[in-house]
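> Quick check, what structure comes out for this input:
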Amino acid sequence: MRIWRIALISALVPVAVTGATPSLAETPPGGTPTAASATAALPASPVSTRSTASASTTTSAATAASLVKPRVKTLVKLRRQGGFIGVDDLVVVYTDGCTRLTHRSAPAVKRCLTGTDLRKLRADLKRLKLGRSQTQPPGADLYKYTLTYHGKSVVRYTLPVTWRPVIKRLEKLLNG
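This is a model prediction of the structure:
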């Protein structure tokens, strides 16, 4: 959609600025413009046309770009799976403080954190040490935590000390 808007604007702006299309007064009664009327509509200086057209195109492209939302990156992602009842929960927190929550098989819910909650989460993330993934220990009733931060995903079944505050905050989002 964005590409089409930019292409349309860049195609229409030079036509509007240069006046290359004949007006109704210059069109003969038959409806077909003549070569003389088309060239009469063009400005005399091609240099000024280029600079005006490029300035207008740049301005239009900047305006179109400001209308498009910037892409928001993922701050942290937690996936909790397993347990007795087969839980499959997902929490994604974006850099702008908004979250996407998927609890079990329910549809995704979008919420935004308060400024205080986002600051506390970021403080916990600064102290986080991801470490290495853990192999699945024996047992049937275990939770598998997959935490993704700074593009690195780590799987754990027992939570290290630095993970606990982060997991607690993210689970609070899921449950509350």
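> Only C-alpha atoms from now on, for both contacts and neighbour counts.
Noted.
> All the strands of the chain, residue numbers only.
With strands called from DSSP state E, the chain shows them at 74-82, 87-94, 98-102, 109-112, 143-149, 152-156.
> how about CSV for the ones you listed, with distance to residue 135, mean pLDDT and mean neighbour count added?
Output for the strands of the chain, formatted as CSV (distance: least, C-alpha to C-alpha, whole Å; pLDDT from 0 to 100; neighbours: other C-alpha atoms under 10 Å):
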stretch, distance to residue 135, mean pLDDT, mean neighbour count
strand 74-82, 14, 96, 20
strand 87-94, 19, 95, 20
strand 98-102, 25, 95, 20
strand 109-112, 31, 94, 13
strand 143-149, 10, 96, 19
strand 152-156, 8, 97, 17
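> and the gap between residue 110 and residue 173?
Applying C-alpha to C-alpha, to the nearest Å, the value for residue 110 to residue 173 is 11 Å.
> before we move on, back to that, need the strands of the chain in CSV with distance to residue 132, can you?
Listed next are these as CSV, based on distance: least, C-alpha to C-alpha, whole Å:
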stretch, distance to residue 132
strand 74-82, 16
strand 87-94, 20
strand 98-102, 25
strand 109-112, 30
strand 143-149, 11
strand 152-156, 6
